[in-house]
Structures are given as structure tokens and as C-alpha cells.
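what shape does this take:
(2 chains)
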Number of protein chains: 2
Amino acid sequence: TRDAWDYFNHLYQFRLESPAPVAGGGRRTAENGTLQGDMRKLLLDGQLSDVTFVVEGRRIHAHRAVLGARCEYFRAMFESGMVESRSNEIEVSDASHGVFSAMLLYVYTGTVEVADEDAVELMYIAAKYDLAPLKALTERHITRKITAANVSAIILAADVHSASELKRTCLDYIVKEFGRVIDTDAFVALAGKSPELAKEILQYGAANLCFSLR
Amino acid sequence: TRDAWDYFNHLYQFRLESPAPVAGGGRRTAENGTLQGDMRKLLLDGQLSDVTFVVEGRRIHAHRAVLGARCEYFRAMFESGMVESRSNEIEVSDASHGVFSAMLLYVYTGTVEVADEDAVELMYIAAKYDLAPLKALTERHITRKITAANVSAIILAADVHSASELKRTCLDYIVKEFGRVIDTDAFVALAGKSPELAKEILQYGAANLCFSLR
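This is a model prediction of the structure:
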């Protein structure tokens, strides 16, 4: 809409913003009337939906305009003549219901809520759907939250989803806390699930510990 | 989508937010990737539009999902069997193109940009479309910006749009600055446009000045 751009480029006389939603607090915050709150409700209620995702057999009702506005991947899908653009139902096979829902919530609100154990998968899905800001946010969050207790689970997820930077961050953390990490049940569990990764960690640890003890 | 509500009510393990857009700065701020920036672009570019407003002969391409999510008035329009809900083109006769665009920008972004001289009409339109937060924001803004030079124009607009609280605020301001306001060209212009309002102001001023001089 050329007209609209012209209009808004000629007057910035005043600018009003709704108060930001209150951080924290109860589970369902009273964000009615704020952009984030209304967009969140739009996704969760699915009103006026014109596209449906089917994820792990469950339906999520969404809106082409919002998806297209926020995500190049979806814009291309809806604007092109792709198979999915003609159908109103899109089968999603590359994500769990929880992580896909979390990604959509980010698309609608700029905010994401997800369990720590799903964070790495979310990072992987964000990359897959070309949502670079979400990928960066998630990666930064995970990095900040690494502990001796969870680093084994995180590196396992990073390995599965080929998140090489995060994997390297975990390796460096493990070197720093080698004794504590190797002693955890989580590391034992990791060794059971992926002996190759356990071996890689031990080799990396040994190599770097030698170096730092020199 | 019951599923989605259930999901998000059971885990608030972590919450990530995009950085807020930088305030002020250039005309077109680099808000790409933020919710506000993307929603603004959606409105101004009109991509994936499914409803068009015609205002003063000019078209604005919009999106039912966003309008319905943010404004009860539009939700009712699109969900009911109203004439407008079946057509993709809605003729708007109660607003200027600029003010209607400003209202839509608020709906899409939670932020509004408008020339001072359009602010009272925006307030009026916000009330008409049941956008209480926008009405309140605009009224507060106008009240803060009243000066001896602009109070005559504002009270004239408030009178035309039956904004009685704002009109009363202006009257009280005029009483406080009676001599300065009555001397301005704007007051002379007002008297030309609406002799009834000028008379009302002078009577209110005289009555309240007497009282405060006693």
C-alpha cells in the first residue's frame, strides 16, 4: 500500500505506545489489549484461522497473514504455488507438538515459552524455519543455563540436532567441570544413549585437560 | 485450540523476549524481526491481505485475523454475517484516510503515529471502533500537549467530535491562561468557525475568572 507508506513517512508528530505487559506474575497474565496479549490469544483460540497445522496428530489453527509477516519461510510457502499453499492443512513431521507450538507462539508474540528440555529442539526448528532471531535467543538462553547436571542432556540434544556451536560450548564447559560432569547420572545416561558422543567428550576432555594442566 | 492452551499452561520454564525496538531515531527504524516491526510492515505492504478498506477513495489492504484479534468491533464484523463480512472491500465514510491509517497502525503494532492536528479525530475514531486503550492513550497525549497556541484548535475539534472530557479540560486550561488564549490568532479563527463555541468559552471563562478573583 504505497499510500500508507507515504502517509507514515511524512508525519511522526507523535508516537504513542501501549504500556508494556507486566513481566512475570501469574500464569495467564492480564495482557488484554496489548499487542502481545492479543496475538497470543489469537493463536491459542484460533479464531478467524485460515490455515491448520497437524503436528503429531493434533491440530493447531493459525493465520497466513501473521505467519507470512513474521517468517520468510511461511511467506514463500503461502505466496508461491507450493502444494501446502493451496491446502488449508499442513502436515508437520519435523517437530514435536510442543516445540512447534512454542515456535508459533514466538512468531505471534515475539516471546517464547518452552521447557528447558525442549530448548535445543526449539533452536533446531528455529534454524529450520529460518527464524534467526529465535535461534539466537534460544541459543543464548541455553548457554546461560548450562550446569554440570544438565550439560550432558544438552550436548546430547545438540549432537542429535547438529548444533555445532552449542556442542562446542558444552564441550568447553565439560572441560572446565570435568570431574563433576563425569560423575553425574546424566553422563552415564548419555553414555548409554550415544557411546560415540561419550567417547568424543572423554577424548576432548582428556586432550584439553592435559593442555591446561601442563 | 484447546491443545495449545493446555500446553502453554503447563510449562513456563523459560521465557525469551526479543529486544524491544529502539525508541526514536530515524524515520524508518530497523525493526526487522521484532513483532512491532514485522506487523507494521505487514500493514504497509499489504501482503497476504484478505480485506480492503476504501477510505476517501484510497485503498488500504489489511488482514481479518489481525483486525479481529485486536478489535472487538472488527471481530464481530468478520464473525457475524454482516454485509461487510462477505465482501472483501469495506467502504469507510466516517474517517479521513490519515486518521483511519493511524488507527490501523495502532491495531497492528500497539503504537500510533499521527500529526497533532489529527489527534482529536483519532480519539473520536478510537471510541467509535471500540478501541478503548487507543482512545485513552490519545486523550492523555493531547491533554499533556495543550498550549495557549493550540488549545483553540483542540477545543474546536473536541466540540465537533463530542469529546466532552477533553472539551472540559480545554475550558479549564483557557480559564488558567485566559488573557494569553483570547489574544491568539487561533482563537480568532475559532470564533470565525464556531461563534457558538467562542461564546461558550467566553462565558465559561468569565464565570470562572470571577469566581477565582473573588
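
A:Ala119 versus A:Gly98, what's the distance?
Going from A:Gly98 to A:Ala119 by C-beta to C-beta, to the nearest Å gives 11 Å. C-beta coordinates here come from the backbone N, C-alpha and C atoms, glycine included.

should've said A:Glu113
11 Å.

show me what contacts A:Ile154?
A:120, A:142, A:146, A:166, A:170 (C-beta atoms under 8 Å, 6 or more residues apart in numbering or on different chains).

go again using 7 Å as the cut-off
When contacts are counted by C-beta atoms under 7 Å, 6 or more residues apart in numbering or on different chains, A:Ile154 touches A:120, A:142, A:146, A:170.

residue contacts, A:Thr138?
The contact partners of A:Thr138, by C-beta under 7 Å, 6+ apart, come to A:119, A:122-123, A:126, B:16.

among these, which are in helices?
Members of those lying in helices (criterion: DSSP state H): A:119, A:122-123, A:126.

what sits against the residue nearest the centre of chain A?
Residue closest to the average C-alpha location in chain A (C-alpha atoms, centre = their mean): A:Leu122, at 3.4 Å. By C-beta under 7 Å, 6+ apart, A:Leu122 lies in contact with A:99, A:102-103, A:114, A:138.

now these as CSV including distance to B:Leu156 and secondary structure?
Listed next are these as CSV, based on distance: C-beta to C-beta, whole Å; DSSP: H, G, I helix; E, B strand; the rest coil:
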residue, distance to B:Leu156, secondary structure
A:Val99, 57, helix
A:Ala102, 52, helix
A:Met103, 51, helix
A:Val114, 53, strand
A:Thr138, 53, helix
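
highest neighbour count among those residues?
A:Thr138 (30 neighbours; other C-beta atoms under 10 Å in any protein chain shown).

find the nearest non-adjacent residue to it, please.
A:Met123 (4.3 Å; C-beta to C-beta, 6 or more residues apart in numbering or on different chains).

again, but for A:Ala62
Once chain neighbours are set aside, the closest to A:Ala62 by C-beta to C-beta, 6+ apart is A:Val51, at 5.3 Å.

what pLDDT is listed against the one you found?
As predicted, A:Val51 sits at a pLDDT of 93.

what is the neighbour count of it?
23.

show me what contacts it?
A:Val51 neighbours (C-beta under 7 Å, 6+ apart): A:62-64, A:88, A:90.

show me the residues you listed that map onto strands.
A:62, A:90 (DSSP state E).

out of the contacts of A:Val51, which is nearest to chain B?
Chain B has its nearest neighbour among those in A:His63, at 3.7 Å by C-beta to the nearest C-beta.

my read is that that closest one contacts A:Asp50, right?
Yes. Counting by C-beta atoms under 7 Å, A:Asp50 is a contact partner of A:His63 at 6.1 Å.

between those two, which is the more surrounded one?
Using other C-beta under 10 Å as the criterion, A:His63 and A:Asp50 rank with A:His63 on top: 27 against 17.

if we can go back for a sec, quick one: which of the ones in helices among the contacts of A:Thr138 is most hemmed in?
In terms of neighbours by other C-beta under 10 Å, the ones in helices among the contacts of A:Thr138 top out with A:Leu122 at 30 neighbours.

how near is that residue to A:His161?
10 Å.

nearest to A:Leu156, of the contacts of A:Thr138?
A:Ala119 (12.7 Å; C-beta to C-beta).

need phi/psi at the closest residue in space to that closest one that isn't next to it in sequence.
Spatially, and ignoring its direct neighbours in sequence, A:Ala119 is nearest to A:Ile142 (5.1 Å; C-beta to C-beta, 6+ apart). Main-chain dihedrals, A:Ile142, degrees, to the nearest 10: phi -60, psi -50.

A:Ile142 contacts A:Glu165, doesn't it?
No. With contact defined as C-beta under 7 Å, A:Ile142 does not count as touching A:Glu165 (10.6 Å).

who has more neighbours out of the two?
The neighbour count for A:Ile142 versus A:Glu165, taken as other C-beta under 10 Å, is higher for A:Ile142 (23 against 11).

distance of the more buried one from A:Ala136?
11 Å.

again with A:Met39
Distance, A:Met39 to A:Ala136, by C-beta to C-beta: 21 Å.

the more surrounded of those two?
A:Met39 (27 against 16).

can you give me the buried ones in the helix or strand where A:Ile154 lies?
Counting by DSSP states H and E, the element that carries A:Ile154 is helix A:151-160. Residues A:151-159 are the ones in helix A:151-160 that count as buried (16 or more other C-beta atoms under 10 Å in any protein chain shown).

then stretch A:182-195?
For stretch A:182-195, the neighbour count (16+ other C-beta under 10 Å) marks A:182, A:184, A:186-187, A:190-191, A:194 as buried.

mind checking which of these land in strands?
Residues of the buried residues of stretch A:182-195 located in strands (DSSP E): none.

and the residues you listed as a markdown table, adding distance to chain B and pLDDT?
Shown next, in a markdown table, are the buried residues of stretch A:182-195 (distance: C-beta to the nearest C-beta, whole Å; pLDDT from 0 to 100):
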| residue | distance to chain B | pLDDT |
| --- | --- | --- |
| A:Ile182 | 26 | 87 |
| A:Thr184 | 20 | 92 |
| A:Ala186 | 17 | 91 |
| A:Phe187 | 22 | 92 |
| A:Leu190 | 21 | 93 |
| A:Ala191 | 26 | 92 |
| A:Ser194 | 24 | 94 |
